[in-house]
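Student: Here is a sequence together with a model predicted from it:
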Amino acid sequence: MFEASGSLAIVQPVLTLVGLVALPLVWALIAALLARPARTDRRAGRGARDAIAPAAAVACAVGTFGLATVLAVRLALAPRGHVFVQHVAELARLGQLDLAFDLTLDPRSAAFAVVIALVACASTLQTSWSSRPDADARLAWSGLVSGGAMLLCVGDGLAPILVGLGLLSLGTWGLSRGGAAGPNVAALAGNVAVLVGFVFLFWSLGGAFGVEGYDPDGAPRFVLVTTPSPGSDPEKATLVMTTHAGALVSSDDADLPGDRVLSPMSIAVEPGVYTLRVHRGAASGDVIVPRVALVPGRTHVLTPYGPTASLRALDDQIAVPRLAPTGGAATVRAALAGRTISGLRASAVVLLLALGGALSHLHASATRRGLLALASVLEAVPAPYLAIRLGPLVDPSAADGALVVLLGAGSAVVLAARAASVDDAHQALRGVLAALASLAVAAAGLGDPAASLVLASSAIVSTSAALAAIEARRDARWLGMACAGAAGLLPGAGASAGYILAIAAALGSAATGSVAWAVFAGGVAASLVVTCVLVALAGFRVYDALIRVTARDPGSSRAQGILVIALTAIALVGGVALGAGTTMFGGHVAPLARRLVGPVALPAHRLMAGAAVVLSLLAAAGGVALARRASAVGTPPRWLVALGLPYGVLRATASGLGRAALFLHRSVGAMDRDVIEDVPRALGDALLRAGRAIRRLSRGVSGKIDPSLERAAGGVAVELDLDGPRTAERVRTVALLVMVALLGLVVLSSLVLG
């Protein structure tokens, strides 16, 4: 009898979730239909038709922000454990694979949804207030970016997440007008890596890859979970199923209400022992849950147990222990850690692919050129969001956690160093955002997703404010405030709490592990401090440069100046709201970010938290001092130029790999064109000519060969057994091998000679 108990998510259907994704796509469609080629005369007035797209975009953007805020407040007021869900469409269902297009909103995705909607609204307002001739096109691409980022965060499962990543990549490609091929290729490769990572996660949840292929485990594919919430009727048991929309549930030995019940469902049944059967469709076999007991007055949830494409179902599996093969219970984390893919731990492969693919979006964003709309900063959303969602699968003190930390911390240092060394203000600020998003990935690997949430949300809004300040050029002081918020220079405001939580987690991890782990965690803490220094250096170099520009050519857009002030204030106050708390100092007030991402098993380290506060403030102040020193001289100092060398090496390595892949691609094309088609044709022509020559020769010498010579030749053939079938087969085999060897030599020479 497969039964378990646990605290699963309580699902509440909310149709308005569709509006979070639909509204950005609506304004993108309207703007795309009304977009016109750029006019050469920028002084030409905007007609009534030209005002439709900006008005529609602003209305939809404001509606998206309002809807996201209302849903977030409703979710905060709901009892703990509630999530909002809306089933949109069923794409495919085969076996345990359920590719449904569902939307879900939990506290983590609600926080990201509000940030995305805020940035999308600010980007739309800024573009509408500008005098650019391509405003409609920029609005269309911004809507696509906003819709993709929103779908990524509120989509439940593999299908909507991949569609969201695709829309996000397509929108940023359009905002950069195609641009260089490198960032677009990196973003596309990242999407493919995330897809492969989720595929491996799906199969690893239900079995292992061995030398003989995939070996499924013996765990049930559905399990009945008894939850702490009471049923609606104390005299009856409540049976609930919220996944696999459209599936039919029946009982083999007792009648359910209506005999066959359609999922999602919540029905009251008579207490007793049931054998439940789940009919998932024609392409999938029935799944039987044998002999489960339904207790009166309790709620029992029939939930997937094993491979799943739904992140919400994966959260439920994390909350409910699995049945271990040797008896007892085992967690999903332990199950993944015990399975391998080509000799590597399944969890490590999944994290390397999924998070590595998300990090490639950060590198693409940091290297894009041109004056992009504010919505382009949303390309930094996938990395911290996926890190927070997949963080519970890893043990912070094990190899999987170390892998995530290495990916995030290494990427953060390299991106921050590049941002500090470049002279383009837009690339520098997008590099700052990419570095902080990478730092958020490292914080998730350290076991503190609350730090990830604070760093990611504060960095996105602060960078948007700084980019808007560069375009407005109204008051450089607010740019300085935005840069201070991103660098953690203001205690408790902006990203300061995120730095403190991340550094404290690294120091605490160093104090509780072995000597080798202490050295590793100490190095991670040092890399976090170095990133803080470099982020402050990059941000305040931009600030110093803008001060000189505004002194010569002050801006004139008061509306955009107000937008800068609003974004900066939201970034600073939002950091305070998310990160303020006393638990890291031994108190009882948990930061809001920690309550949103769920409880974590991090002990309070007062000394570590105090040291983290001091280190983060000293690092930010040191970065500001270095920025002042670098800006005081006319030419960039050598040490500043040297900061760009690590990223130059990384870019050269990626370029070399790209050239190697392009060479192989061209070689295959050349082989297909010049070898596979031409060589057989040439061999065929040669054989035809040889056959015609032999026929002419045989007709010419017919009757002129000495009969004794024919008899001698026949005797030799008989003596050597050349007329035997086995000998003839051997001759044909040797000839075939010789031809294959010659063809291989031709192919090898074509590859070597290019």
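Tutor: The structure has been received and is ready for your questions.
Student: From here on, just use CA atoms for contacts and neighbour counts.
Tutor: OK.
Student: Show me the helices in the stretch 151-300 of the chain, by range?
Tutor: Secondary structure of the stretch 151-300 of the chain (DSSP state H, counting those that start in this stretch): helices located at 158-175, 181-204.
Student: Pick the most deeply packed of those.
Tutor: Looking across the helices of the stretch 151-300 of the chain with neighbours counted as mean count of other CA atoms under 10 Å, the highest average goes to helix 158-175: a mean of 23.
Student: Just want the angle from that helix to helix 181-204.
Tutor: 180 degrees (axes from the mean of the first three to the mean of the last three CA atoms, to 10 degrees).
Student: Between the helices of the stretch 151-300 of the chain, which one is closest to L455.
Tutor: helix 158-175 (20.9 Å; CA to CA).
Student: Quick one: residues in contact with the closest one.
Tutor: Contact with helix 158-175 is made by 99-102, 138, 141-153, 155, 179, 184, 187-188, 191, 194-195, 198, 309-310, 372-373, 376, 379, 382, as judged by CA atoms under 8 Å, 6 or more residues apart in numbering.
Student: Kindly report the same for stretch 411-427.
Tutor: 359, 363, 366-371, 428-432, 434-439, 467, 527-528, 530-531, 534-535, 537-539, 541-542, 640-647.
Student: Of the residues you listed, which count as buried by neighbour count?
Tutor: 359, 363, 366-369, 428-432, 434-439, 467, 527-528, 530-531, 534-535, 537-539, 541-542, 640, 643-644, 647 (16 or more other CA atoms under 10 Å).
Student: Mean pLDDT per helix and strand in this structure: which one sits at the bottom?
Tutor: Counting by mean pLDDT, DSSP states H and E, the chain has its least confident helix or strand at helix 707-719, which shows a mean of 47.
Student: got the angle for the longest strand belonging to the chain vs helix 158-175?
Tutor: Determined from DSSP state E, the single longest strand within the chain is strand 82-94. Taking the same axes, to 10 degrees, one finds that strand 82-94 is oriented at 100 degrees with respect to helix 158-175.
Student: Strand partners (parallel or antiparallel) of strand 82-94?
Tutor: Note on strand 82-94: by DSSP bridges, its sheet partners are strand 10-13 (parallel), strand 97-105 (antiparallel).
Student: Compute the mean per-residue pLDDT across the longest one, please.
Tutor: Averaging pLDDT along strand 97-105 gives 89.
Student: which element follows that strand toward the C-terminus?
Tutor: Following strand 97-105 in sequence order, the next helix or strand is helix 107-129 (DSSP states H and E).
Student: same deal with the shortest one?
Tutor: On the C-terminal side of strand 10-13, the closest following helix or strand by DSSP H and E is helix 17-34.
Student: CA-only coordinates of that following helix, as CSV, when you get a sec.
Tutor: Taking C-alpha atoms only, helix 17-34 is exported to CSV below (Å, rounded to 0.1, in the frame of the first residue of the first chain):
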residue,chain,number,x,y,z
LEU,A,17,-3.0,34.5,-14.4
VAL,A,18,-3.4,34.4,-18.1
GLY,A,19,-3.4,38.2,-18.2
LEU,A,20,0.1,38.3,-16.9
VAL,A,21,1.4,36.7,-20.1
ALA,A,22,-1.3,37.9,-22.5
LEU,A,23,-1.1,41.6,-21.9
PRO,A,24,2.5,42.0,-22.9
LEU,A,25,2.0,39.9,-26.0
VAL,A,26,-1.1,42.0,-26.9
TRP,A,27,0.8,45.3,-26.8
ALA,A,28,3.7,43.6,-28.7
LEU,A,29,1.2,42.5,-31.4
ILE,A,30,-0.4,46.0,-31.7
ALA,A,31,2.9,47.8,-31.9
ALA,A,32,4.2,45.3,-34.5
LEU,A,33,1.2,45.8,-36.7
LEU,A,34,1.4,49.6,-36.5
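Student: Give the other helices and strands that the very next helix or strand once past that helix contacts.
Tutor: Later in the chain than helix 17-34, the nearest helix or strand by DSSP H and E is helix 52-77. With contacts taken as 3 or more CA pairs under 8 Å, 6 or more residues apart in numbering; DSSP states H and E, helix 52-77 sits against helix 17-34, strand 82-94, helix 107-129, helix 135-154.
Student: Most tightly packed of those?
Tutor: A comparison of the helices and strands packed on helix 52-77 by mean neighbour count, using mean count of other CA under 10 Å, puts helix 135-154 on top with a mean of 30.
Student: now the angle from that helix to helix 158-175?
Tutor: Using the same axes, to 10 degrees: helix 135-154 against helix 158-175 is 160 degrees.
Student: Could you check the angle helix 135-154 makes with helix 107-129?
Tutor: Using the same axes, to 10 degrees: helix 135-154 against helix 107-129 is 180 degrees.
Student: how far is helix 135-154 from where the chain is centred?
Tutor: 17 Å (CA atoms, centre = their mean, to the nearest Å).
Student: now the helices and strands packed on helix 52-77 as JSON lines including distance to S263?
Tutor: Formatted as JSON lines, these follow (distance: least, CA to CA, whole Å):
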{"stretch": "helix 17-34", "distance to S263": "20"}
{"stretch": "strand 82-94", "distance to S263": "11"}
{"stretch": "helix 107-129", "distance to S263": "24"}
{"stretch": "helix 135-154", "distance to S263": "21"}
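Student: Those: which one's closest to G523?
Tutor: That would be, of the helices and strands packed on helix 52-77 and by CA to CA, helix 107-129, which comes in at 29.2 Å.
Student: In helices, which of the contacts of stretch 411-427 appear?
Tutor: 359, 363, 366-367, 428-432, 434-439, 467, 527-528, 530-531, 534-535, 537-539, 541-542, 640-642, 645-647 (DSSP state H).
Student: Now the strand or helix carrying S616: average pLDDT?
Tutor: Using DSSP H and E, S616 falls within helix 606-632. The average pLDDT for helix 606-632 rounds to 91.
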